[in-house]
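Peer 1: the amino acid sequence is not available; the structure is as follows:
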């Protein structure tokens, strides 16, 4: 069984080494597209064996995640992997999950959804209210390289950044929820949450479906007892 890791990253120097180290034991190779990071994310990726990291060939100021991930899929064709593990650069496969994921990939599944645990304020604490309490995302899939190929699709978000980590057509098949966990570090610190809240709203303003991203900063910009569509009041639990 051949397994390929696939990541699109930007400015993830704080977390990328932990991320890659957590999935490398499962992967024959990892391909990483760096979207013009201003930190040393690319250099850190290139320090790992079995990691093929390259800078995005697209213009730095033109955001299009669906386009970027389709390029990664095209590169994956050369490897013809049985499975692809697609995570974000600020996510780490939880300790002890390697054997569980190997066992899951032995089954004839098209797509596997992992539970994402959002670390909040401390590395031993997670957010548990609203969508954060039991959030799963498709992150492992069997690629299809025959026509018509499943692709990442453009959407109405500014920059197509809600296109998922698995092509839409595969996500619509029998996606299996698992309790294998990804630890998400990107919201760990308040300053990062507030920065991302501003970033999302600048590029995707007035997105009612995403509740204008207010849920991201309950307890930071909005009071901890706020109630929005996707979260609140803020509830934190030990990891």
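Peer 2: Nice, I can see it. Given the structure is predicted, the values throughout are model-derived calculations rather than measurements.
Peer 1: can you pull up the most central residue in this structure?
Peer 2: residue 88 (3.3 Å; C-alpha atoms, centre = their mean).
Peer 1: right, and that residue touches residue 184 too?
Peer 2: Yes - in this structure, residue 88 is within contact of residue 184 by C-beta atoms under 8 Å, at 7.5 Å. Quick note: C-beta positions are derived from backbone N, CA and C, even for glycine.
Peer 1: just the helices in this structure please.
Peer 2: Using DSSP state H, the helices of the chain run over 16-23, 41-46, 65-76, 98-105, 168-171, 190-203.
Peer 1: what comes into contact with the third one?
Peer 2: To tie it back to what came earlier, the one meant is helix 65-76. The contact list for helix 65-76, computed with C-beta atoms under 8 Å, 6 or more residues apart in numbering, reads 4, 6, 8, 31, 33, 35, 56-58, 84, 86, 143, 149, 151-155, 159-161, 163, 165, 167.
Peer 1: from those, which ones fall inside strands?
Peer 2: Using DSSP state E, 4, 6, 8, 31, 33, 84, 86 are the members of the contacts of helix 65-76 that sit in strands.
Peer 1: can I get these in CSV with pLDDT, distance to residue 67 and neighbour count?
Peer 2: CSV is the format used below for the ones in strands among the contacts of helix 65-76 (pLDDT from 0 to 100; distance: C-beta to C-beta, whole Å; neighbours: other C-beta atoms under 10 Å):
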residue, pLDDT, distance to residue 67, neighbour count
4, 98, 19, 24
6, 98, 14, 24
8, 98, 10, 20
31, 98, 16, 23
33, 98, 11, 23
84, 97, 18, 25
86, 98, 15, 24
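Peer 1: distance check, the closest residue to residue 215 other than its chain neighbours against residue 133.
Peer 2: Leaving out its chain neighbours, the residue that sits closest to residue 215 by C-beta to C-beta, 6 or more residues apart in numbering is residue 231, at 3.6 Å. The gap separating residue 231 from residue 133 is 9 Å, by C-beta to C-beta, to the nearest Å.
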